[in-house]
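Enquirer: Sequence plus the predicted model coming up.
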Amino acid sequence: MHLAIIGGTGLSQLDGLESVRHQVISTPYGEPSGPVSIGQMAGCEVVFLPRHGYNHRIPPHGINYRANLWALKELGVERILAVSSVGGIAPGMQPGALCVPDQIIDYTWGRPNTFFEGDLEAVTHVDFSYPYDADLRASLLRAGAALSIPLMDGGTYGATQGPRLETAAEIQRMQRDGCDVVGMTGMPEAILARECDIRYASLNVVANRAAGMNGGGLVDFHEINQTIRDRMAAVRRLFLHLLNTRDCAVCGNAASAAPVCAAGAAKLKPDA
Ligand code: HPA
């Protein structure tokens, strides 16, 4: 079992996943967001987990990210494609745009964000220079090109705490920091994937202009929901294409699947 899709807002169910069985997995960190769905999509085995739960009840700061990643690791997942909705900060990040980010700035706080704590043999650091897997990112971009679905190649994802949206001043600060999009769930999900050597890439659906970026108007929740609903069809098409074409970085069934992430995830034990 290789590929997992983590669904965000607007992707609580994975249409097209067939012969689904649900598996409840208990972890040392408690319960994941729900039972994982394991099924077939385009003839490939795919694990699906909606990070907000199947009823979209778990807020971003309440998600048990460690349990989610632990459960996927336990199932043998080696690759994750994570979908999340974001607000657009950079001028090009307009509602409806799809972005494959390549960097993260973490503004979250108080979320358990590592597996490396407690009774360790040695303090463990993990390289996180490039938080997203290069091969998976390239696969998503290839699929976009093949289907003529425009994807923004790169961008810095600013992860905020939520559940409230940001103030206009916070967004201005994030813009000065270099953030292109803002979302609430990208961290610690990405670092936990890296810590357990799971390749991870993210597909962001720009749902709205971030606070203060829409000419003085307020954030329009109706627009957010509508945009997410509209764009999920494109997200599904991208995934189906990757699976139909047996894209090696996604399915891991070709010798050419280069271990880029494995190299990046080499752990540094200073006193080893
Ligand atoms: N801010 C944070 N998270 C989001 C937003 C936003 O504007 N839109 C969708 N997710």
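Expert: Yep, it's here. Numbers count the residues shown, from 1 in each chain.

Enquirer: Which single residue of the chain ends up nearest the ligand?
Expert: Gly87 (2.3 Å; Cβ to the nearest ligand atom). Backbone N, C-alpha and C define where each C-beta goes, glycine included.

Enquirer: where exactly do the strands run in this structure?
Expert: Secondary structure of the chain (DSSP state E): strands at 3-7, 18-23, 36-41, 44-50, 79-88, 98-100, 103-106, 125-126, 152-153, 156-159, 181-183, 199-209, 267-268.

Enquirer: so which of those strands is the most packed in?
Expert: Counting by mean count of other Cβ atoms under 10 Å, strand 181-183 has the highest mean neighbour count of those, with a mean of 29.

Enquirer: when you scan that strand, is anything in it near the ligand?
Expert: Yes - using Cβ under 6 Å from any ligand atom, strand 181-183 comes into contact with the ligand via Val182, Gly183.

Enquirer: per-residue pLDDT, the spatially closest residue to Leu11 that is not a sequence neighbour?
Expert: Among residues not flanking Leu11 along the chain, Val83 sits closest, at 5.1 Å (Cβ to Cβ, 6 or more residues apart in numbering). We have a pLDDT of 97 for Val83.

Enquirer: Hmm, Val83 is touching Ala234, no?
Expert: No - taking Cβ atoms under 8 Å as the definition, Val83 is not a contact partner of Ala234, at 10.9 Å.

Enquirer: residue contacts, the closest residue to Met232 other than its chain neighbours?
Expert: Using Cβ to Cβ, 6+ apart and skipping the chain neighbours, the partner closest in space to Met232 is Gly10 (5.0 Å). Contact analysis of Gly10 by Cβ atoms under 8 Å, 6 or more residues apart in numbering lists Val83, Ser85, Val205, Asn225, Ile228, Arg229, Arg231, Met232.

Enquirer: Contacts only, for the residue lying closest to Ser12 once chain neighbours are set aside.
Expert: Of all residues not flanking Ser12 in the chain, Pro50 sits nearest, at 4.4 Å (Cβ to Cβ, 6+ apart). Pro50 makes contact with Ile6, Gly7, Gly8, Leu11, Ser12, Gln13, Ser33, Gly34, His56 under the criterion Cβ under 8 Å, 6+ apart.

Enquirer: So what pairs up with Pro50 in the strands?
Expert: Using DSSP bridges, the bridge partners assigned to Pro50 are Gly7.

Enquirer: Pairing partners for Val83 in the sheet, please.
Expert: With DSSP bridges applied, Val83 shows beta-bridge pairing to Leu203.

Enquirer: what residues are up against it?
Expert: Ile5, Ile6, Gly7, Gly8, Gly10, Leu11, Ser202, Leu203, Asn204, Val205, Val235.

Enquirer: can you redo those as TSV with pLDDT and distance to Ala146?
Expert: Written out in TSV, the entries for the contacts of Val83 read as follows (pLDDT from 0 to 100; distance: Cβ to Cβ, whole Å):
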residue	pLDDT	distance to Ala146
Ile5	97	19
Ile6	97	23
Gly7	95	22
Gly8	92	24
Gly10	84	23
Leu11	88	21
Ser202	98	20
Leu203	98	15
Asn204	98	20
Val205	97	19
Val235	96	15
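
Enquirer: wait, what's in contact with Ser139?
Expert: When the contact criterion is Cβ under 8 Å, 6+ apart, the partners of Ser139 are Ala201, Leu242, Asp247, Ala249, Val250.

Enquirer: Rebuild those as a markdown table, extending it with distance to Gly212 and pLDDT.
Expert: Written out in a markdown table, the entries for those read as follows (distance: Cβ to Cβ, whole Å; pLDDT from 0 to 100):
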| residue | distance to Gly212 | pLDDT |
| --- | --- | --- |
| Ala201 | 29 | 98 |
| Leu242 | 36 | 95 |
| Asp247 | 39 | 83 |
| Ala249 | 37 | 79 |
| Val250 | 37 | 82 |
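
Enquirer: Please flag which of the residues you listed sit within helices.
Expert: Using DSSP state H, the subset of the contacts of Ser139 located in helices is Leu242, Ala249, Val250.

Enquirer: what residues are up against the last one?
Expert: Residues counted as contacts of Val250 (Cβ under 8 Å, 6+ apart) are Leu3, Arg79, Leu81, Leu136, Ser139, Leu242, Leu243.
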